[in-house]
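Asker: sequence and computational prediction follow.
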Amino acid sequence: MDGELFAEIERRVDLLLERYLALKGENEQLRNENSRLMEERNLIKGRLDIILDKLERV
């Protein structure tokens, strides 16, 4: 019985570690995507600021 219990605990720990590593990888991907999107947003914002500045001068 104790052997079965330890085997079940080990299986659950392995499953948790697998899920943890998957989430950690997903988090890294999301962090990279967020960074890319923020850079893109800043570029667009800069372009809009230039356009608005030109329109204000008209």
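Answerer: Noted; the coordinates are in hand.
Asker: burial measure for Asp53, as a count.
Answerer: 9 (other CB atoms under 10 Å). From N, CA and C alone the C-beta is placed, and that goes for glycine too.
Asker: could you do Asp2 as well?
Answerer: Neighbourhood size, Asp2 [other CB under 10 Å]: 6.
Asker: now Leu43
Answerer: 10.
Asker: and if you look at Glu10?
Answerer: When neighbours are defined as other CB under 10 Å, Glu10 has 10 of them.
Asker: over to it. Which of the three states is it?
Answerer: Per DSSP: H, G, I helix; E, B strand; the rest coil, the local secondary structure of Glu10 is helix.
Asker: okay, it: pLDDT?
Answerer: Looking at Glu10, its pLDDT is 97.
Asker: ok, it - contacts?
Answerer: The neighbourhood of Glu10, defined by CB atoms under 8 Å, 6 or more residues apart in numbering, contains no residues.
Asker: gap between it and Asp2?
Answerer: Look at Glu10 and Asp2: by CB to CB, to the nearest Å, they are 12 Å apart.
Asker: cool, Met38 as well?
Answerer: Shown here: Met38 relative to Asp2, a distance of 53 Å by CB to CB.
Asker: likewise Leu17?
Answerer: Leu17 is 22 Å from Asp2, by CB to CB.
Asker: now Asp49
Answerer: 69 Å.
Asker: repeat for Tyr20
Answerer: According to CB to CB, Tyr20 stands 26 Å off from Asp2.
Asker: over to Leu43?
Answerer: As judged by CB to CB, Leu43 and Asp2 stand 61 Å apart.
Asker: Glu18 too?
Answerer: 24 Å.
Asker: run a quick neighbour tally on Glu39.
Answerer: Neighbours of Glu39 using other CB under 10 Å come to 10.
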